[in-house]
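Peer 1: Would you be able to build a 3D model of this:
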Amino acid sequence: MGRSTAKSRTMASSTFSIFSSPHRRSQDLRILLIVAIFFFLASISQYHGSFDVNIDEDGTVQSVPAEAGDDDLYYTHHIATFKLDQVRPWTTADTEALSTREGQEMFEFLGAPPSSPRPAQGTHIDQQQALYSEEDRDDGSAVDHSKPGASSGDKMFLHLAKRLRAYRGLWQHLQPDYEGLRVDEKQDQFYVRPSPDLAPAVRLLQKMEWSLFPWILKSYATTFDLFHDTVAFASRRPIDERRGIVMCVGDRHSVYARTTVKVLREVLKSSLPIEIYYAGDEDLSKENRAWFDKLPGVKVIDITTRLDQSLLHLSGPVIKPFAMLVSQFQEVILLDADAYFLQDPEILFDDGGYQEVGTVFFYARTVPNKHSKVSQASKRAWLQTALPSVSNHPSKTRWFRSKGDQDQDSGVVVINKRIHFLGLLAICKMNDIQERSQPAFRAIWGERESFWIGMEMIQERYSFIRFGGGVIGDLGDSIPYKQDAGGSSPGTSARMDRVCGNQLHFNYKGQPLWWNSGLVRDKTTDQSPYLKYTAWIRDEHGMWDIEHSCLIQAFHGALKEVEWNHRQTAFEILRVDRGVAQELGKPSVKNILQVPRLVRKDGVKGGNGNNEAV
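Peer 2: Just a heads-up that it's a prediction; the model follows:
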């Protein structure tokens with residue numbers, strides 16, 4: 001009896017035992033088959049199941065529910081947050097201190113242009129851990145600005161950050177007094193007749209505005225007036241009037257903007273009002289202005305009539321934050337002329353990160369640092385030198401992790417100005433003529449990165465959708481537009497392990513939302529064909545061939561098929577673009593290209609449009 005029991009236990013202890021009963025063997029085979037099927041399904045559940053396993057920027061593996069809601073920000077966004085003891089408000093005691101000798105030193109330092117030198121060693125300002133003094137970092141260590149390699153330009157940004165942080169506290173401290181005067185329609189007396197207890201602080205604010213933002217004084221006596229005109233006043237309007245799209249368009253990109261505006265209205269059925277900004281008559285021709293002006297819900301504005309162009313010399317991409325600042329919209333979607341959505345961009349106002357902190361930022365694609373003249377270590381060192389303290393976000397950037405040359409894409413930027421009016425002022429200051437002329441500004445891709453760095457400078461929370469920029473276009477690529485006269489393409493073959501095309505960006509669930517860089521395979525190449533938009537891939541799931549704008553899958557299943565309804569939307573966008581080209585009748589400006597047929601079998605998996613992995 002005992003031997004029989006021991007024998008049974010021995011047999012039961014091995015999965016691969018040969019059982020005496022044919023029925024038992026059949027039962028165990030069924031169990032093994034079920035287990036095998038389970039593990040097989042688990043191996044592909046990343047693409048077909050209800051969970052999408054994703055590797056975070058800091059290396060953490062997260063399980064992200066495909067049905068993640070706006071409250072799952074930990075999974076869907078990177079939220080920049082500052083320690084409470086880092087964000088220091090202005091107090092009545094600070095105002096009272098301005099009357100002392102040390103306070104006068106503080107007055108002169110804060111009111112001076114950002115390029116002014118730091119106070120001499122041994123002064124009260126240098127010694128005190130005050131409003132604008134050295135602050136501890138997240139790891140508890142202070143920045144040593146005396147280390148070799150810290151240029152005068154780097155120190156200029158450090159001084160700017162300190163002034164902006166002091167300005168934020170001072171502005172918030174004095175805003176109730178300004179609003180009280182406005183109620184009595186006496187806001188013009190804010191600088192002229194301040195109350196005695198506030199007079200020192202008011203004089204400091206005025207001096208700081210003259211040194212930091214002199215270009216607003218062409219149209220506004222103070223930034224409070226600008227805030228009231230573009231933010232507070234907008235609050236009284238219906239929500240569909242205080243939200244809108246801002247585009248910055250010059251003649252060079254007007255042909256793309258024509259398509260973009262028509263797509264918003266005719267394909268995506270967006271009713272959001274649109275403001276188009278340009279910098280003087282030489283930037284956007286009278287003919288182009290008239291074309292946009294005739295469209296309902298579209299307003300064309302010369303930004304030089306709002307801000308002092310003689311002090312700013314605005315042109316190109318640096319116009320973007322200034323256009324957002326002076327826009328009459330309280331909630332703004334900044335949209336590049338060559339950026340195209342797969343659905344109404346108004347959904348960005350419902351994004352969880354936007355609801356939480358008032359911004360939606362998108363990551364750029366991961367560009368290897370070999371394409372940059374400046375090392376990632378140099379960029380990291382610059383940021384550490386330029387900011388007295390930082391949020392939890394810089395450590396997640398590709399600069400800090402030595403993963404890439406760029407971090408933010410400014411093709412689409414969403415900002416609630418009621419929350420981030422001062423943050424937007426800081427971003428504009430980053431793009432001021434003196435700041436953008438610094439080598440550091442050019443090294444960090446300037447205008448693109450200035451959105452999040454400006455928020456860091458003035459210490460306001462901001463949000464990135466967690467996914468890096470991918471690619472949407474055609475599966476495989478034989479680069480047909482670069483073939484030689486004989487029709488062959490030496491050294492190039494149709495590789496089916498990649499997606500080549502435009503730069504794709506995602507919603508908070510990691511699904512395609514919008515792309516930029518136009519509608520053709522390569523907008524910088526003549527006769528480049530339209531894309532069919534059959535496949536896409538995420539930045540995190542591939543390896544970049546930047547030269548050819550291709551993303552090569554890092555593992556089997558990384559390539560995805562574009563949903564059929566999104567393919568239909570992309571096809572309609574191509575039809576609109578062709579109509580614009582025919583209307584212009586200038587092939588030298590925009591090639592008259594053949595729109596590809598929309599055929600289901602052209603899809604990655606036969607056109608099923610089911611988003612299956614390849």
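Peer 1: Now name the helix or strand holding the nearest residue to Pro345 once chain neighbours are set aside.
Peer 2: Distances taken as CB to CB, 6 or more residues apart in numbering put Ile333 closest to Pro345, at 5.5 Å, once the chain neighbours are dropped. Where you see a C-beta, it was placed from the backbone N, CA and C, and this is true even at glycine. Using DSSP states H and E, Ile333 falls within strand 331-335.
Peer 1: CA-only coordinates of that strand in PDB, if you can.
Peer 2: Presented in PDB, the C-alpha positions along strand 331-335 are these (Å, rounded to 0.1, in the frame of the first residue of the first chain):
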ATOM      1  CA  GLU A 331      -7.200  77.700 -25.400                       C
ATOM      2  CA  VAL A 332      -4.900  77.400 -28.300                       C
ATOM      3  CA  ILE A 333      -3.900  74.500 -30.700                       C
ATOM      4  CA  LEU A 334      -0.800  75.600 -32.500                       C
ATOM      5  CA  LEU A 335      -0.700  73.800 -35.900                       C
END
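Peer 1: what's the next helix-or-strand element following it packed up against?
Peer 2: The C-terminal neighbour of strand 331-335 among helices and strands, as given by DSSP H and E, is strand 340-341. Packing partners of strand 340-341 (3 or more CB pairs under 8 Å, 6 or more residues apart in numbering; DSSP states H and E): strand 512-516.
Peer 1: if you set the cut-off to 10 Å instead, what comes out?
Peer 2: For strand 340-341, the packing partners by 3 or more CB pairs under 10 Å, 6 or more residues apart in numbering; DSSP states H and E come out as helix 254-262, strand 512-516, helix 564-584.
Peer 1: what about those, which gets the closest to Glu547?
Peer 2: Closest approach to Glu547 among the helices and strands packed on strand 340-341 (CB to CB): strand 512-516, 18.1 Å.
Peer 1: Would you check how far apart Lys269 and His228 are?
Peer 2: According to CB to CB, to the nearest Å, Lys269 stands 33 Å off from His228.
Peer 1: make that Leu264, sorry
Peer 2: Leu264 is 29 Å from His228, where distance means CB to CB.
Peer 1: go on, Gln434?
Peer 2: Between Gln434 and His228 the distance is 28 Å, computed by CB to CB.
Peer 1: domains of the protein?
Peer 2: Following automatic domain parsing, one gets these domains for the chain: 92-225, 242-465, 470-602.
Peer 1: chain center to the shortest one: distance?
Peer 2: Right, the one you point to is domain 470-602. Its chain's C-alpha centre and that of domain 470-602 lie 22 Å apart, by CA atoms, centre = their mean, to the nearest Å.
Peer 1: same check, this time on the second one
Peer 2: For domain 242-465, the separation from the chain centroid amounts to 8 Å (computed by CA atoms, centre = their mean).
Peer 1: neighbouring strands for the helix or strand where Val412 lies, and are they parallel or not?
Peer 2: Assigned by DSSP H and E, Val412 belongs to strand 408-416. Partner strands and pairing direction for strand 408-416 (DSSP bridges) are strand 331-335 (antiparallel), strand 359-363 (antiparallel).
Peer 1: So for whichever helix in the chain runs longest, mean pLDDT?
Peer 2: Ranked by residue count and defined by DSSP state H, the top helix of the chain is helix 152-183. The average pLDDT within helix 152-183 is 91.
Peer 1: What is the subsequent helix or strand relative to that helix?
Peer 2: Next along the chain after helix 152-183, taking DSSP H and E as the criterion, comes helix 199-212.
Peer 1: Looking at Leu264 and His228, which is more packed in?
Peer 2: Neighbour count, other CB atoms under 10 Å: between Leu264 and His228, Leu264 has more, with 26 against 18.
Peer 1: Would you agree Asn565 is in contact with Pro512?
Peer 2: No - Asn565 is beyond contact range of Pro512, at 11.2 Å (criterion: CB atoms under 10 Å).
Peer 1: Any regions of this protein where pLDDT drops low?
Peer 2: Confidence mapping of the chain against pLDDT under 70 gives the ranges 1-71, 115-154, 369-374, 445, 478-494, 586-593, 603-614.
Peer 1: what do you get if the cut-off is 50, keeping everything else the same?
Peer 2: Within the chain, the segments meeting pLDDT under 50 span 1-20, 39-65, 68, 70, 116-150, 483-492, 589, 607-614.
Peer 1: and Pro321, how many neighbours?
Peer 2: By other CB under 10 Å, the residues close to Pro321 number 27.
Peer 1: packing partners for the helix or strand containing it?
Peer 2: For Pro321, the host element (DSSP H and E) is helix 319-326. Helix 319-326 sits against helix 223-227, strand 243-248, strand 274-278, strand 331-335, strand 408-416, helix 417-430, helix 446-458, with contacts defined as 3+ CB pairs under 10 Å, 6+ apart.
Peer 1: I'd like the next helix or strand past the third one.
Peer 2: Tracing the chain C-terminally past strand 274-278 and defining elements by DSSP H and E, one meets helix 286-293 next.
Peer 1: now the strands paired with strand 408-416 as JSON lines including mean neighbour count?
Peer 2: As requested, the strands paired with strand 408-416 are arranged in JSON lines below (neighbours: other CB atoms under 10 Å):
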{"stretch": "strand 331-335", "mean neighbour count": "24"}
{"stretch": "strand 359-363", "mean neighbour count": "25"}
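Peer 1: can you redo those as JSON lines with distance to Asn507?
Peer 2: JSON lines is the format used below for the strands paired with strand 408-416 (distance: least, CB to CB, whole Å):
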{"stretch": "strand 331-335", "distance to Asn507": "14"}
{"stretch": "strand 359-363", "distance to Asn507": "10"}
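Peer 1: Which one of those strands lies nearest to Asp477?
Peer 2: When the strands paired with strand 408-416 are compared (using CB to CB), the closest one is strand 359-363, at 23.4 Å.
Peer 1: how about that closest one as PDB, C-alpha atoms only?
Peer 2: Provided in PDB are the C-alpha atoms of strand 359-363 (Å, rounded to 0.1, in the frame of the first residue of the first chain):
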ATOM      1  CA  THR A 359      -0.800  71.500 -22.000                       C
ATOM      2  CA  VAL A 360      -0.400  68.800 -24.600                       C
ATOM      3  CA  PHE A 361       3.200  68.400 -25.900                       C
ATOM      4  CA  PHE A 362       4.300  65.700 -28.300                       C
ATOM      5  CA  TYR A 363       7.700  64.000 -28.500                       C
END
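Peer 1: In contact with Ser195: list those residues for me.
Peer 2: 177, 180-181, 202 (CB atoms under 10 Å, 6 or more residues apart in numbering).
Peer 1: just to revisit the earlier point, which of Asn565 and Pro512 has more residues huddled nearby?
Peer 2: Neighbours per residue (other CB under 10 Å) separate Asn565 from Pro512, with Pro512 holding more: 23 against 11.
Peer 1: Who does the more buried one form a beta bridge with?
Peer 2: Beta bridges link Pro512 to Phe506, judged by DSSP bridges.
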